[in-house]
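Undergrad: Okay, sequence plus prediction incoming.
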Amino acid sequence: MTGNGDDRLRLTDLPLVPVACAMCGSDEAKVIVSDPPFEVRRCGRCAFVYVSPRVPDDEIHRIYGDEYFQSDCPSDYGYGGYLEDAACHRKTFRKKARFVTRFKQSGRLLEIGAAGGFFLDEMRRRGFQVEGVELSPRACAFAREQLGIETIHNARLQDLDFAPASFDLIVAFDVIEHLADPFTALRDMRRLLAPDGVLVLQTQNVASLAARVLGRRWHHYKHLEHIYHFDPDSMRRALAEAGLETLELTAGRSGKYISLAFFIERMRRYNRIAHLLLKPLEPLGHLRFYVNPFDEMLVAARPET
Ligand SMILES: [Zn+2]
């Protein structure tokens, strides 16, 4: 774990720069959420939703170091104790594995943003040859040492030299909304997929009911890290522009198993009174349940022929 004090990333030290729409380049936009210094904008030309200002491209990877999975303030940034919630992640990824294996039952798998390796572990048990890419050294070390996954790379996808068409399945759960250039990333994924390969993504849906009802309190508005907000339309367009055909796009199975402790922590953001009422339940924090607010999309796509 990264230590205390001076070597810890201070988010307020990261520079912020104004940006235009990454999908079409226009800087004409309507502000849909204002949360100074950040704005969530809907592009006036193509309707894509993005955050401005944001951390510049070449600094973004700094957000996803060891602090990310051990955040002091997880409702704003990262996860509080991600690696300690193993039982929840395993149950979540078992469900995800059932979705993914409807499209591919065997072969070579690449996971982008593999975190502690729980999904890779599930898929390895199902007979896949697995590789992972993960920016956090601590999460990589966990996957190697605790789960025995040696094929997890502490690097960015663009720094690795995978051969074109070398994967039957590529997955990226809760990743694309964080990337400086998701459109180049999708083209990279397309290039790495075998001709009959499948890509599975998950990301939050800014057109969902939860997003519209909760407004600026929606839990996916974490402006430093969620710099793009797709909806079904912009997702299909982005995939098509990368040469990928959407096979399925669903809010089903996009939920997560969470612990009561995690739920109580997240409630702080929505309702302080509810949070105070729930606080006495903290000794039961280890209890787990499945939550799907239907505000994310699970998407499967394949290379266009
Ligand atoms: Zn645009």
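TA: Yep, it's here. Since the model is a prediction, treat every value here as computed from it, not as a measurement.

Undergrad: List the contacts of the helix or strand harbouring Ala139.
TA: If you go by DSSP states H and E, Ala139 is part of helix 137-147. For helix 137-147, contacts defined as Cβ atoms under 8 Å, 6 or more residues apart in numbering pick out 1-2, 65-66, 69-70, 82-83, 114-118, 120-121, 132, 134, 149-150, 152-154. Any C-beta I mention is one placed from the backbone N, CA and C, and that applies to glycine too.

Undergrad: next one: stretch 42-55
TA: Residues from elsewhere that reach stretch 42-55 (Cβ under 8 Å, 6+ apart): 14-24, 26, 28-30, 32, 37-41, 60, 62-63, 206, 223-224, 226-231, 233-234, 237.

Undergrad: where does Arg212 land in three-state SS?
TA: Reduced to three states with DSSP: H, G, I helix; E, B strand; the rest coil, the structure at Arg212 is helix.

Undergrad: Need the nearest residue in space to Ser234, chain neighbours excluded.
TA: If you skip the residues right next to it in sequence, Ser234 has Phe48 as its closest partner in space, 5.0 Å away by Cβ to Cβ, 6 or more residues apart in numbering.

Undergrad: Alpha carbons of the helix holding Ala139, as PDB, please.
TA: These are the backbone C-alpha positions of helix 137-147, laid out as PDB (Å, rounded to 0.1, in the frame of the first residue of the first chain):
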ATOM      1  CA  PRO A 137       0.900  -1.500  -9.000                       C
ATOM      2  CA  ARG A 138      -0.900  -2.600  -5.800                       C
ATOM      3  CA  ALA A 139      -3.800  -4.200  -7.700                       C
ATOM      4  CA  CYS A 140      -1.400  -6.000 -10.000                       C
ATOM      5  CA  ALA A 141       0.600  -7.300  -7.100                       C
ATOM      6  CA  PHE A 142      -2.700  -8.600  -5.500                       C
ATOM      7  CA  ALA A 143      -3.600 -10.400  -8.700                       C
ATOM      8  CA  ARG A 144      -0.200 -12.000  -8.900                       C
ATOM      9  CA  GLU A 145       0.400 -12.800  -5.300                       C
ATOM     10  CA  GLN A 146      -3.100 -13.600  -4.000                       C
ATOM     11  CA  LEU A 147      -4.700 -15.100  -7.200                       C
END
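
Undergrad: list the buried ones in that helix?
TA: The neighbour-count check on helix 137-147 (16 or more other Cβ atoms under 10 Å) flags 138-143, 147 as buried.

Undergrad: from these, which is closest to Asp188?
TA: Taking Cβ to Cβ as the measure, Asp188 lies nearest Cys140 of the buried residues of helix 137-147, at 20.1 Å.

Undergrad: And the pLDDT at that closest one?
TA: The predicted local confidence for Cys140 comes out at a pLDDT of 94.

Undergrad: ok, now Met267?
TA: Note on Met267: pLDDT of 75.

Undergrad: thinking again about what came up before, just the buried ones from the contacts of stretch 42-55?
TA: In terms of neighbour count (16+ other Cβ under 10 Å), the buried residues within those are 16, 19, 21-23, 29, 32, 38-41, 60, 63, 206, 223-224, 226-231, 234, 237.

Undergrad: ok, and which of the residues you listed reach the ion?
TA: Contacts with the ion within the buried ones among the contacts of stretch 42-55, as defined by Cβ under 5 Å from the ion: 21, 23.
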